[in-house]
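Asker: Prediction below, plus the sequence it came from.
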Amino acid sequence: MATWNSVDDVLRYAINQEEEAADLYRQLAAQTKKLGMRQLYEGFAREEEGHKIKLMTIRAEGLRQPAGEQTVDMKMTDYLVEPAADDSELGYQDALILAMKREKAAFRLYSDLAEKTTDPEVKATLLSLAQEEAKHKLRFEIEYDDVVQPAN
């Protein structure tokens, strides 16, 4: 389990999560036979790489917080996603579930970080990242509903 003692720790974690998400989506793209889904996964991988760059910029410039505020429990365990036993051997259904959980955790992380900053540009960037993650999650939910549970 990860431990965070600072906003920098959180941002490093988020950057790592974006790298892992991009890797997962490239893996899913390679595994799927559906051209449309392959293109979607490849697009998500590129978006996650873009998120990583935005987070690296925020990390380099600093996430501004008001001075003198009391330390807040950021509840980072709320953002952790249980890893699969072996991500390289995921079935399509399990891969979709993992992707949905990752996107939900990322949405919550960026939304909560946006609440912690006083910088309007950083806040807007984080909220934009949160919305992109929410859109990804919705797309995976639709795919899950269409492919895994088509009778519903």
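Answerer: Cool, got the structure.

Asker: Only C-alpha atoms from now on, for both contacts and neighbour counts.
Answerer: OK.

Asker: So which residues of this structure form helices?
Answerer: Ranges of helices in the chain, per DSSP state H, are 7-31, 35-61, 92-116, 120-143.

Asker: Quick one: residues contacting the closest residue to A130 other than its chain neighbours.
Answerer: Of all residues not flanking A130 in the chain, F107 sits nearest, at 4.4 Å (Cα to Cα, 6 or more residues apart in numbering). Going by Cα atoms under 8 Å, 6 or more residues apart in numbering, F107 touches 129-131, 133-134.

Asker: ok, which pair from those is furthest apart?
Answerer: L129 and A134 (8.7 Å; Cα to Cα).

Asker: The two: who's more crowded?
Answerer: Under the neighbour definition other Cα atoms under 10 Å, L129 and A134 were set side by side, and L129 has more, 24 against 19.

Asker: Check what pLDDT the more buried one gets.
Answerer: At L129, the model reports a pLDDT of 88.

Asker: what separates the residue minimising distance to the centre of the chain from Q149, distance-wise?
Answerer: Centre of the chain computed as the mean C-alpha position; nearest residue by Cα atoms, centre = their mean is A106, 3.4 Å away. Separation of A106 from Q149 (Cα to Cα, to the nearest Å) stands at 25 Å.

Asker: Over to A130?
Answerer: Separation of A130 from Q149 (Cα to Cα): 27 Å.

Asker: the more surrounded of these two?
Answerer: Neighbours were counted for A130 and for Q149 using other Cα under 10 Å; A130 has more, 25 against 11.

Asker: Wait, the more buried one touches R108, no?
Answerer: Yes: assessed by Cα atoms under 8 Å, A130 is found in contact with R108 at 7.2 Å.

Asker: what ranges of this protein fall below the confidence cut-off?
Answerer: Applying pLDDT under 70 to the chain picks out residues 1-5, 63-90, 151-152.

Asker: how about a cut-off of 80?
Answerer: 1-10, 62-92, 119, 148-152 (pLDDT under 80).

Asker: ok, the contacts of F107 vs F44, which is closest?
Answerer: Closest to F44, out of all of these and judged by Cα to Cα, is E133, at 9.5 Å.
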